[in-house]
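Below are the sequence and a predicted model; questions follow.
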Amino acid sequence: MNIEEKARALAEPLLADAGFALWDVIFEKEGAMSYLRILFDRQVGGDTSAGESCGITDEDVALITTPLNQLMDKQDFIEHIDILEAGSPGLTRRLRHPGHFTQSIGKPIRVMKRGDKGKTNVVYGELVSYDPEASQISLKTNTETVILGVKNCLKINLDF
């Protein structure tokens, strides 16, 4: 298990017990610092599979930060983490995992992808489908339906 997987396995039950749903765990370096970001939300009706967020407050983040910090501080991988952040994935949350894509079908998304000659292109449209076996998304733009390999995309976010 890598750091993200270990942190996810620890954070998910803690968040669920507090009435929240884990959206994502991201471990990344920014400059000289290593961040572990735990992104969570409150789900409508408590159904974590519906993908409908009703948001979290600053008080929610404060409520979960201390127990999350205490839990992570006891782990063997903590020495690799400079900053632990807990918070909301935001309205334009990043889509990275199969569940993110299936929950977001029918919603507007923004895809950053590498185009010709290394230029970055942005494609906007409605997420029509997700094929987990091929790891592809189908996106309906104003003019056409585009099929993109998730691995070929630099970043995929909800849009509004």
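Yep, that arrived.

Contact partners for residue 139?
109, 111, 123, 125, 126, 127, 128, 145, 146, 147, 148 (Cβ atoms under 8 Å, 6 or more residues apart in numbering). Heads up, the C-betas are built off the backbone N, CA and C, glycines and all.

Partner strands of the strand or helix carrying it, with direction?
Residue 139 belongs to strand 136-140 when assigned by DSSP states H and E. Strand 136-140 sits in its sheet next to strand 120-131 (antiparallel), strand 145-149 (antiparallel), going by DSSP bridges.

coming back round to it: are any of the contacts of residue 139 buried, and which?
109, 111, 123, 125, 126, 127, 148 (16 or more other Cβ atoms under 10 Å).

coming back round to it: dump the strands paired with strand 136-140 to a markdown table, plus distance to residue 81 and mean pLDDT.
Shown next, in a markdown table, are the strands paired with strand 136-140 (distance: least, Cβ to Cβ, whole Å; pLDDT from 0 to 100):
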| stretch | distance to residue 81 | mean pLDDT |
| --- | --- | --- |
| strand 120-131 | 29 | 96 |
| strand 145-149 | 31 | 96 |
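
okay if I get those as CSV plus distance to residue 57?
Below are the strands paired with strand 136-140 laid out as CSV (distance: least, Cβ to Cβ, whole Å):
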stretch, distance to residue 57
strand 120-131, 28
strand 145-149, 35
